[in-house]
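Visitor: Quick one: sequence and predicted model below, then my questions.
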Amino acid sequence: MKTRLIAVALTLCMIISLASCSNTPTDGTSSAADSSQDTSNAPTAAPTAEPIDISGVELINAGTLSIGVEIGYPPFEDFAEDGTTPIGYDVDFAKALGEKLGLEVNFINTAWDGIFQGIDVNYDCVISAVTITEERKETMIFSDPYINNFQAVVVKADYTGEINGFTDLDGMTIALQKETTSDKLMKDYVSTGTIECTISANEKVTTCFTQLTNGEIDAVVVDSTVAAAYLASDPDKYKLAFQDESEPEQFGVAMGMDNTALQTAINKAIEQLEQENYFEDSVEFWFGA
Amino acid sequence: MSFWRKLTDIRNWKTSSKAAVILFMAAVVLFSVLSFINLSREEMMESASDQIKQIIEEEKESTRKYLTITYNDLGAVSYLSFSTSGAKAIRESYVGFAGRTYNADMGLAKFTGQMVNYTYRMLGKGENMLHGVKLTLMLTTLSMAIGFFLSIFLALGKISSNTILSKLCGAYVFFFRGTPLLIQLFVVYFSFPIFFNFSWRGLFSSTDPEAVYKGAFLAALIAFSLNTAAYCAEIVRAAIQSIDKGQNEAAKALGMTYGQTMRTIIIPQSIRRMIPPLCNEFVMMIKDVSLVFAISLMDITTISKSIMTSEGNYLVFLPALVIYLIITAVLTFVFGKIEKRLSIYE
């Protein structure tokens, strides 16, 4: 039995080393041509998609864009019925990005807690419905935004009260996902003494909606895009009470401070995708309207 | 009586205990003096910059405030910070110690300030019983007490000659030891309300803002008690069966009933043998309690993790470790004393 195990292990080792062998040439060229990045910045303004020069980009695994993502945030990232295939708006976007850059795409499922600490350690970038904030910009850099998002309040369908702003949540019990923009926003309302409400901070956004269904809480504060997806799938369970149109948030790809080469490449890819109306179609597909 | 005489007869104390008491008293006196001369919140607010003072004045009347004032008082040291939300992001922090205020924006003062702030949050000071250390301690102690009580019956049931009872208790232990605690917690908190059509929050007053936490706490208490009962049942069973069979037979020969034998002979002796594994279970429980993160309760681990993600500061784990060690040390000490006390029978 033991010898058979060793044999299997050896075969695996060989396969892995073979696979990494095929990657080495790309790695060689990428580190050699560091200066070519300047030329790629030249204004070409080609209307048709032209291959984006990624020779200056250093990746953890050459030829593969490793992406950190917290899978479990539908409709941005979720597992399909089979339980292994990641699907969602972000996943599609990442694949489109990979196609534009000529890179393989590798999704690395990770917990939201500490997701940014993994940049440049476990993956090259994070595409996981990350809101671009000034605070985050101090420790990471962002691509151009790829979707707009608002903060929304979702209540049970039979809720009769009226909510016209976050201050109307005063005295209520609300749920939100830990360490998200919703969390920061509501904690801010509470810590500054603007309103008083009980916050149930959860690891997963699905927990918040289960709590709402079970009657543990009165309202969920969540990204409008996520709210839209829940409302679409369960229209007789939930309804949208309020959406804060005044402060739109933008989602971007988060990268390590020094990875400006990747930032330039991704921004270029986003620009091209925009010209091809990719985003309009994808938003339509994932969020309806 | 002799206990008190021994305690008050200071002249005959061991030198080591004398030294320990003197050191302890000195620490208490020092701490109280430092706490007494330490600045109050109002006094510390004086040292805020003009800019902050201006914002406080401006926001007095407004409905949407942007300035967060944090004041953490840990007796001898206190921490005060001002931070604004939004793009401006003004941040000012101060540490109060020995009647003076120090700016805590950098260096050692910053480190001290952070530690005070983190410790304060983990201790759950200024919050109710369902936060931080208080939550950990309460949940552990209560579920251990309930679990141990249940486990005695489970153990007796399992060794009983009644086959049905014995099989039922065996099945209970098998089920709760064979499934992960986290999933048991999920089932109790999320699935039970659906099966039986109630809400955990609904069990408490609807006007109570903390009802959601109380509901979650109750669910956690039930899950942890049921789980730990299964583990304790095995500990109790092993302890009972480790008592020499001859004692059972002797009791029978004296005409004692099964109940009498258990109550007066077997169980009192087996308790001493349960102590070490029970202490083990208790210590494990303290750390298992961190699973309550899944149902939105904030224990020590959850709080330190949330500080780590929002501030990116890994130093937060230092106070967390120290707090855990102190709890475990006290617990081990107490169990050690109990074991010594009970060992006079052996």
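Guide: Sure, I can see it.
Visitor: for chain B, which residue is closest to the average position?
Guide: Geometric centre of chain B, nearest residue: residue B:137, 1.9 Å, by C-alpha atoms, centre = their mean.
Visitor: if I read this right, that one contacts residue B:326, doesn't it?
Guide: No - Residue B:137 is beyond contact range of residue B:326, at 11.1 Å (criterion: C-beta atoms under 8 Å). No exception for glycine: its C-beta is placed from N, CA and C like everyone else's.
Visitor: What residues sit buried inside the helix or strand where the residue nearest to the centre of chain B lies?
Guide: Assessed by DSSP states H and E, residue B:137 sits inside helix B:132-159. Buried residues in helix B:132-159, counting neighbours by 16 or more other C-beta atoms under 10 Å in any protein chain shown, are found at B:132-137, B:139-140, B:143-144, B:146-148, B:150-152, B:154-158.
Visitor: cool, and stretch A:201-217?
Guide: For stretch A:201-217, by 16+ other C-beta under 10 Å, it's A:201-217.
Visitor: State the phi and psi torsions of residue A:204.
Guide: Here is the backbone geometry of residue A:204 (degrees, to the nearest 10): phi -120, psi 150.
Visitor: Ok, residue A:108 next?
Guide: Torsion angles at residue A:108 (phi, psi; degrees, to the nearest 10) stand at phi -110, psi 110.
Visitor: Show me what the helix holding residue B:137 is packed against.
Guide: Helices and strands touching helix B:132-159, by 3 or more C-beta pairs under 8 Å, 6 or more residues apart in numbering or on different chains; DSSP states H and E, are helix B:107-123, helix B:163-178, helix B:211-242, helix B:267-288, helix B:300-311, helix B:317-342.
Visitor: Now distance to residue B:93 and mean neighbour count too, for those helices, in CSV please.
Guide: Compiled in CSV, the helices and strands packed on helix B:132-159 are given as follows (distance: least, C-beta to C-beta, whole Å; neighbours: other C-beta atoms under 10 Å in any protein chain shown):
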stretch, distance to residue B:93, mean neighbour count
helix B:107-123, 5, 19
helix B:163-178, 47, 14
helix B:211-242, 29, 22
helix B:267-288, 32, 18
helix B:300-311, 12, 21
helix B:317-342, 17, 14
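Visitor: Tell me which of those helices lies nearest to residue B:200.
Guide: Set against residue B:200 and scored by C-beta to C-beta, these come closest in helix B:211-242, at 3.0 Å.
Visitor: helices or strands up against the closest one?
Guide: Packing partners of helix B:211-242 (3+ C-beta pairs under 8 Å, 6+ apart): strand A:198-202, helix B:132-159, helix B:163-178, helix B:181-186, helix B:267-288.
Visitor: Quick one: closest of the ones you listed to residue A:92.
Guide: strand A:198-202 (26.1 Å).
Visitor: Other residues contacting the closest one?
Guide: If you take C-beta atoms under 8 Å, 6 or more residues apart in numbering or on different chains as the criterion, strand A:198-202 is touched by A:172-178, A:183, A:186-187, A:190, A:208, A:211, A:216-217, B:209-213, B:216, B:296, B:298, B:306.
Visitor: near chain B at all, the helix or strand just after it?
Guide: Heading C-terminal from strand A:198-202, the first helix or strand you meet, by DSSP H and E, is helix A:205-214. Yes - using C-beta under 8 Å from any C-beta of the partner chain, we find that helix A:205-214 touches chain B at A:207, A:210, A:211, A:214.
Visitor: Return the list of strands paired to whichever helix or strand comes after helix A:205-214, each annotated with direction.
Guide: Following helix A:205-214 in sequence order, the next helix or strand is strand A:219-223 (DSSP H and E). Strand pairing for strand A:219-223, determined by DSSP bridges: strand A:147-156 (antiparallel), strand A:173-177 (parallel).
Visitor: what sits against the closest residue to residue A:218 other than its chain neighbours?
Guide: Leaving aside its chain neighbours, residue A:218 sits nearest to residue A:172 (4.4 Å; criterion: C-beta to C-beta, 6 or more residues apart in numbering or on different chains). Counting by C-beta under 8 Å, 6+ apart, residue A:172 touches A:197, A:198, A:218, A:219.
Visitor: Closest one of those to residue A:92?
Guide: residue A:219 (30.0 Å).
Visitor: In this structure the closest one contacts residue A:161, no?
Guide: No - with contacts counted by C-beta under 8 Å, residue A:219 stays clear of residue A:161, the gap being 9.5 Å.
Visitor: tell me, what's touching the two both at once?
Guide: residue A:155.
Visitor: So between these two, which is more surrounded?
Guide: Using other C-beta atoms under 10 Å in any protein chain shown as the criterion, residue A:219 and residue A:161 rank with residue A:219 on top: 24 against 10.
Visitor: For burial, what's the neighbour tally of whichever residue of the stretch 151-300 of chain B sits closest to chain A?
Guide: As assessed by C-beta to the nearest C-beta, chain A sits closest to residue B:199 within the stretch 151-300 of chain B, at 3.7 Å. Number of residues near residue B:199 (other C-beta under 10 Å) recorded here: 18.
Visitor: Could you tell me which residues of the stretch 201-346 of chain B lie near chain A?
Guide: Of all the residues in the stretch 201-346 of chain B, those lying near chain A are B:201-202, B:209-213, B:215-216, B:293-296, B:298, B:305-306, B:308-310, B:312, going by C-beta under 8 Å from any C-beta.
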